[in-house]
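Colleague: Let's see this in three dimensions:
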Amino acid sequence: MGPAHSPGDLIVHVPDERVVFAGDLVFVGVTPIMWVGPVENWIAGLDRIIGLEPRLIVPGHGPTTGVAGVRAVRDYWQFVAAAVRQRLADGVGWQAAARDVVRSQHFSAQPFAAWDAPERIAINSATIARNDQGERGRVSDTARIRLLARMGELGAELQR
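Modeller: Numbering: from 1, shown residues only. Purely as a prediction, here's the structure:
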């Protein structure tokens, strides 16, 4: 299915039971985090899960869900990708784009605004920007630590 969250994204479909084990493509009640991307792969993977018409989805994070839970993650990615890309096109850096999006009234009005860890948008924004600049693949451990630090800074700002 990937790369999306990570290079090895996959699902397990049990058609006789109409169950999908979705791994880290589906997060329920918590903001997903994209380490590799591109976001289009993640959205395509979610669409594929929806197309299987499962009755039950076992996510990588959170409680079991149905197709509505998968659609919610897809809605998050569609919203965040468009909003971040608009800000990047306006000349804003990925950190400011993440901050602007998560603090916007439009974001606050979305169901996913109530999910845990909204500060993960910092890493998602960085990954979208990196992918859009043609950089693909896994980030180095050092870069990952820097991204986690930026995410922590945004989380602290959001707590104030």
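Colleague: contacts and neighbour counts: CA atoms only from here.
Modeller: Fine.
Colleague: tell me the strands in this structure, going along the chain?
Modeller: All strands of the chain, identified by DSSP state E, fall at 12-14, 19-27, 56-61.
Colleague: In terms of secondary structure, what does the first one contact?
Modeller: In this structure, strand 12-14 packs against strand 19-27, with contacts taken as 3 or more Cα pairs under 8 Å, 6 or more residues apart in numbering; DSSP states H and E.
Colleague: what's near enough to touch the closest residue to Gly66 other than its chain neighbours?
Modeller: Spatial nearest neighbour of Gly66, chain neighbours left out: Leu56 (5.1 Å); criterion: Cα to Cα, 6 or more residues apart in numbering. By Cα atoms under 8 Å, 6 or more residues apart in numbering, Leu56 lies in contact with 18-20, 64-67.
Colleague: roughly how far apart are Leu56 and Pro111?
Modeller: Distance of Leu56 to Pro111, computed by Cα to Cα, to the nearest Å: 21 Å.
Colleague: With Asn41 instead?
Modeller: From Asn41 to Pro111 the distance is 22 Å (Cα to Cα).
Colleague: Asp132 too?
Modeller: 27 Å.
Colleague: Same check on Gly91?
Modeller: 28 Å.
Colleague: what's the residue nearest the centre of the chain in contact with, if anything?
Modeller: Centroid-nearest residue in the chain, with Cα atoms, centre = their mean: Pro32, separated by 4.0 Å. For Pro32, the contacting residues are 26, 73, 120, by Cα under 8 Å, 6+ apart.
Colleague: most neighbours, which of those residues?
Modeller: Among the contacts of Pro32, the one with the most neighbours (other Cα atoms under 10 Å) is Val26, at 31 neighbours.
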